[in-house]
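**Student:** What would the 3D arrangement of this be:
(4 chains)
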There are 2 protein chains.
Amino acid sequence: MAPDETAVDPRVARSRAAILQATAELLIEQGSAGVTIEGIADRSKVAKTTIYRHWKSRSQLVFDAFESLLRPGPAVPPSGTLRTQLQTILSQLSRGVTVSEWAPAISALIEAGDRDPELRQLIHDFLLVRMEHGRDALRAAQRRAELREDIDIDVAIGVLVGPIFYRRLVSREPLTDAVVAEVVDQFLRSSAPVQTAELAPL
Amino acid sequence: MAPDETAVDPRVARSRAAILQATAELLIEQGSAGVTIEGIADRSKVAKTTIYRHWKSRSQLVFDAFESLLRPGPAVPPSGTLRTQLQTILSQLSRGVTVSEWAPAISALIEAGDRDPELRQLIHDFLLVRMEHGRDALRAAQRRAELREDIDIDVAIGVLVGPIFYRRLVSREPLTDAVVAEVVDQFLRSSAPVQTAELAPL
DNA sequence: TAGATACGCTACGATACCGTAGCGTTTCAT
DNA sequence: ATGAAACGCTACGGTATCGTAGCGTATCTA
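**Tutor:** Down below sits the predicted model:
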């Protein structure tokens, strides 16, 4: 019959989805503090009792809601020159933190992660996956000798990605493609291998 | 008599200070959501009614508490080479966001600023002052032709400061002086003026 | 010293949530 | 069709905050 597990009752799937959806919405609109069981019940049209039937605590539910928000990003494999790859990645990230549906929840996510170790781990894992392509691109470039050998990949990631988060979270300056391009250019200029020659001024 | 205004009653000054102090502590320990008037009353040993005598709303009080947290930073004027200046500034910032008394409140501050426009303005003003020395240093370097002319100062600030915030808020990697040095070095490498020697390959 | 002012304390009424229980109804699986 | 499972609904008791009022006490100013 059921391919895996014990076949989920469609009613359960339905309520779970509605609850998670409503929780995520509240999270986005009002932040972690604005998430209340009764508010979720109202919005999701699922009875409060049903929520308690599926989740032991509010924090578990919030956790799962954050997870559902983070999940959708399967990440795409970038291609092209290193410059193109980086621009693509940072561009996507920029849009992700400014205009995506979950963008308004970012600060709430970070704040929550600051206090909840499990949530922190969730974020960490998410980033690990999300940044992996960037890492790959950098490592590959190093192997191709397009990037200095002595560059610390983690620091490099920070130098590339940091400005994006900085603008979104701290300075709140606009995040245009021009800014992204400038960030990438600065990085590339700084990380070209010790001039083997001007052999390719490009 | 009193030099300015109508001479503040010492009792008022006393309670105000105690209240702000307690509020700031709660803010640091439990975040914005953990701040409750009654909690403040308990901790500050000031009666709840007195709190309402001085502040109309909880949000105003939280605002003032954040302000009191941000105020202490008068910022120091850095000196030395550009490299030294930048390292000093970023080093201070690193310590500020990791081990300062108010470091634990940063994420709460950002999250709160994401929702409260007045708080956002407060943060903005604070940053403006705090970053001014960095800006000055960069501009001066540009004038001395130690820095490319075509570098956007704001982007440059982001490239320098972004990685710090990124590590503190997002990746949670350690913020050592070595990292700071690497960030500064990468920036300097990327922003040296067009090699007068290679006579501008591009 | 005397009047004004600020404070502490207690007690409220009003909400907003929490988490649970009971019970009838709908919907699933077989 | 029928029993099991999930759901909706109402109603609680309990807790935490809010914001206000009233009143007596301590403290400051002049």
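
**Student:** Okay, buried residues for stretch A:97-111 please.
**Tutor:** Of the residues in stretch A:97-111, A:97, A:100, A:102, A:104-111 count as buried by neighbour count, 16 or more other C-beta atoms under 10 Å in any protein chain shown. The C-beta positions use only the backbone N, C-alpha and C, and glycine is treated the same way.

**Student:** Return the closest of these with respect to DNA strand C.
**Tutor:** Proximity of the buried residues of stretch A:97-111 to DNA strand C was ranked by C-beta to the nearest atom of the strand; the top entry is A:Ala108 with 15.7 Å.

**Student:** Could you find the closest non-adjacent residue to that closest one?
**Tutor:** Leaving aside its chain neighbours, A:Ala108 sits nearest to A:Gly31 (4.2 Å; criterion: C-beta to C-beta, 6 or more residues apart in numbering or on different chains).

**Student:** Pull up the gap between the one you found and A:Glu173, please.
**Tutor:** Look at A:Gly31 and A:Glu173: by C-beta to C-beta, to the nearest Å, they are 22 Å apart.

**Student:** now swap in A:Ala141 and tell me
**Tutor:** Applying C-beta to C-beta, the value for A:Ala141 to A:Glu173 is 28 Å.

**Student:** between these two, which one's more packed in?
**Tutor:** For A:Ala141 against A:Glu173, the residue with the higher neighbour count under other C-beta atoms under 10 Å in any protein chain shown is A:Ala141, and the figures read 22 against 15.

**Student:** chain center to the helix or strand encompassing that one: distance?
**Tutor:** Assigned by DSSP states H and E, A:Ala141 belongs to helix A:117-143. Counting by C-alpha atoms, centre = their mean, to the nearest Å, helix A:117-143 is centred 10 Å from the centre of its parent chain.

**Student:** With stretch A:166-181 instead?
**Tutor:** Here the centre of mass of C-alpha atoms in stretch A:166-181, compared against the chain's by C-alpha atoms, centre = their mean, lies 16 Å away.

**Student:** go on, stretch A:100-111?
**Tutor:** Using C-alpha atoms, centre = their mean, the distance from the centre of stretch A:100-111 to the centre of the chain it belongs to is 9 Å.

**Student:** Please point out which parts of the strand or helix carrying A:Ile51 sit buried.
**Tutor:** Secondary-structure element containing A:Ile51, defined by DSSP H and E: helix A:48-54. By neighbour count with 16+ other C-beta under 10 Å, helix A:48-54 contains the buried residues A:50-51.

**Student:** can you give me the mean pLDDT across that helix?
**Tutor:** Helix A:48-54 shows a mean pLDDT of 97 in the predicted model.

**Student:** next structured bit after that helix?
**Tutor:** Stepping forward along the backbone from helix A:48-54, the first helix or strand reached (DSSP H and E) is helix A:58-70.

**Student:** Tell me which other helices or strands that following helix touches.
**Tutor:** If you count contacts as 3 or more C-beta pairs under 8 Å, 6 or more residues apart in numbering or on different chains; DSSP states H and E, helix A:58-70 packs onto helix A:10-30, helix A:37-44, helix A:106-113, helix A:117-143.

**Student:** And the contacts of it?
**Tutor:** Surrounding helix A:58-70, the residues in contact under the criterion C-beta atoms under 8 Å, 6 or more residues apart in numbering or on different chains are A:19-20, A:23-24, A:27-28, A:32, A:35-37, A:40, A:51, A:55, A:102, A:105, A:109, A:112, A:116, A:118-119, A:122-123, A:126.

**Student:** Write the PyMOL selection for whichever of those residues are buried.
**Tutor:** In PyMOL, a selection of the buried entries from the contacts of helix A:58-70 looks like this (16+ other C-beta under 10 Å):
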select buried, chain A and resi 19+20+23+24+27+28+32+35+37+40+51+55+102+105+109+112+116+119+122+123+126
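
**Student:** among the contacts of helix A:58-70, which are within reach of chain B?
**Tutor:** Among these, the ones lying close to chain B by the criterion of C-beta under 8 Å from any C-beta of the partner chain are A:32, A:123.

**Student:** Next, count neighbours for the closest residue to A:Ile123 other than its chain neighbours.
**Tutor:** Counting by C-beta to C-beta, 6+ apart, the nearest residue to A:Ile123 once its immediate chain neighbours are dropped is A:Gly113, at 4.9 Å. By other C-beta under 10 Å, the residues close to A:Gly113 number 21.

**Student:** wait, which of the helices and strands packed on helix A:58-70 is closest to DNA strand D?
**Tutor:** Among those, helix A:10-30 comes nearest to DNA strand D, with 3.4 Å by C-beta to the nearest atom of the strand.

**Student:** check contacts around the residue of chain A found nearest DNA strand C.
**Tutor:** Taking C-beta to the nearest atom of the strand as the measure, chain A has A:Ile37 as its residue closest to DNA strand C, at 3.1 Å. By C-beta under 8 Å, 6+ apart, the contact set of A:Ile37 is A:48, A:51-52, A:58, A:61.

**Student:** Reformat these into TSV and put distance to DNA strand D next to each item.
**Tutor:** Shown next, in TSV, are the contacts of A:Ile37 (distance: C-beta to the nearest atom of the strand, whole Å):
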residue	distance to DNA strand D
A:Lys48	6
A:Ile51	8
A:Tyr52	9
A:Arg58	13
A:Leu61	14
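
**Student:** State the number of residues packed around A:Ala145.
**Tutor:** 11.

**Student:** Report the separation between the nearest residue to it once chain neighbours are set aside and A:Pro104.
**Tutor:** Nearest residue to A:Ala145 in three dimensions, chain neighbours excluded: A:Pro193, at 5.6 Å (C-beta to C-beta, 6+ apart). Here the criterion is C-beta to C-beta. By it, A:Pro193 lies 41 Å from A:Pro104.

**Student:** Over to A:Ala112?
**Tutor:** If you measure A:Ala112 against A:Pro104 using C-beta to C-beta, the figure is 14 Å.
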